[in-house]
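Q: quick one, structure for this:
(one chain, ligands or ions: 1)
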Amino acid sequence: MNNTNLIEALEWRYATKKMNGNEIPKEKLDTILEAIRLAPSSFGFTPYSVVVVQDKELQAKLLPLCYNQSQIVDASALLIFAPWKNITEEQVDVYMKEIAETRNIPVESLNDFANAIKGKINHSSNEDLHTWASKQAYIALGFGLAAAALEKIDSTPMEGFNPAGVNELLGFNEKGLQAACILALGYRDVEKDYLANATKVRRKKEALFIEA
Ligand SMILES: Cc1cc2nc3c(=O)[nH]c(=O)nc-3n(C[C@H](O)[C@H](O)[C@H](O)COP(=O)(O)O)c2cc1C
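A: Numbers count the residues shown, from 1 in each chain. Below is the predicted model:
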C-alpha cells in the first residue's frame with residue numbers, strides 16, 4: 001500500500017446515506033475487523049467491545065431507535081462500538097496476563113505498568129472513565145472507516161441513535177456495555193443517495209493546520 005492509495009480511498013469514501021442492501025464478502029468484513037483490532041488505545045487497554053450485527057430482524061428492531069436512518073437495515077453489517085460501563089482492576093489483571101503470555105515474560109515484571117493503569121482508574125470519576133473509554137472506541141471507529149475505504153466498502157459512522165434504547169435492545173446493560181457509535185457497512189445506492197456524487201467539503205489546510 002502507498003500513501004496515494006490511502007488518500008484516494010479517503011476521497012472515495014463518504015458517509016453513505018442510502019445503501020443498496022447487498023452483502024459484503026466475509027473476507028472484507030474480516031479485514032475491517034482486523035484493522036479495528038489493531039487500533040491503538042491508551043495503555044493498549046482497549047476498554048470497549050465491538051458488537052457485530054448481521055441479522056436483518058435485529059436491524060429492523062434497531063431502525064426506530066436510530067431515527068429510522070435507512071442504513072441501519074440496508075447495511076450488510078453494523079458494528080456497534082461500546083465502551084465498557086465499569087472499568088475495574090480485574091480487567092487490568094486480565095490484560096497483564098495477556099501481555100505476559102503473548103510476550104512470554106513474568107506477569108510480575110508488569111507490576112509498575114499495571115499500577116499505572118490502576119492508579120488512573122482509582123483516581124478518576126466514573127464519568128471521566130467513561131469519556132476516556134469512549135475516546136479509545138472512536139479511534140477504533142476511525143481505523144474501521146479507513147479500512148473500509150481501502151477495501152472499497154461503503155460505510156456510515158453514526159451517532160444518531162437513542163443510546164438507552166439500543167443498550168436495552170441489545171442487552172448491553174447486563175453485559176456492562178454502552179453503545180457509543182455505530183459503523184454501518186455495505187454498498188452505496190448511487191441512484192438514490194443524494195450525496196453519492198457530492199464534492200467532499202473539508203476545512204482548508206491553512207485553516208486546519210496551524211504552525212506552532
Ligand atoms: C461520530 C460521527 C457520527 C455521525 N453520525 C451520523 C449519523 O448518525 N448519520 C449520518 O448519516 N451520518 C453521520 N455522520 C457522518 C457525518 O455527517 C459525515 O462524516 C460528515 O458530514 C463528513 O462527510 P463525509 O464523511 O461524507 O466526508 C457521523 C460522523 C461521525 C464521525
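Q: quick check: residues of the chain near the ligand?
A: When proximity is defined as CB under 6 Å from any ligand atom, the chain approaches the ligand at 14, 15, 17, 69, 156, 157, 158, 159, 160, 181, 200. (Glycine included, C-beta is placed from N, CA and C.)
Q: so the last one is in contact with residue 14, correct?
A: Yes - contact status for residue 200 versus residue 14: in contact at 6.8 Å, counting by CB atoms under 8 Å.
Q: quick one, which of these two is more surrounded?
A: Applying other CB atoms under 10 Å to residue 200 and residue 14 shows that residue 14 carries more neighbours, namely 19 against 10.
Q: which secondary structure elements does the helix or strand harbouring residue 206 sit against?
A: Using DSSP states H and E, residue 206 maps to helix 205-208. Judged by 3 or more CB pairs under 8 Å, 6 or more residues apart in numbering; DSSP states H and E, helix 205-208 has no packing partners among the helices and strands.
Q: only C-alpha atoms, please: export it in PDB.
A: The C-alpha coordinates for helix 205-208 follow below in PDB (Å, rounded to 0.1, in the frame of the first residue of the first chain):
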ATOM      1  CA  LYS A 205      -5.100  23.000   5.000                       C
ATOM      2  CA  GLU A 206      -4.200  26.600   6.000                       C
ATOM      3  CA  ALA A 207      -7.200  26.800   8.300                       C
ATOM      4  CA  LEU A 208      -6.900  23.300   9.900                       C
END
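Q: can you list contacts of it?
A: Contact with helix 205-208 is made by residue 202, as judged by CB atoms under 8 Å, 6 or more residues apart in numbering.
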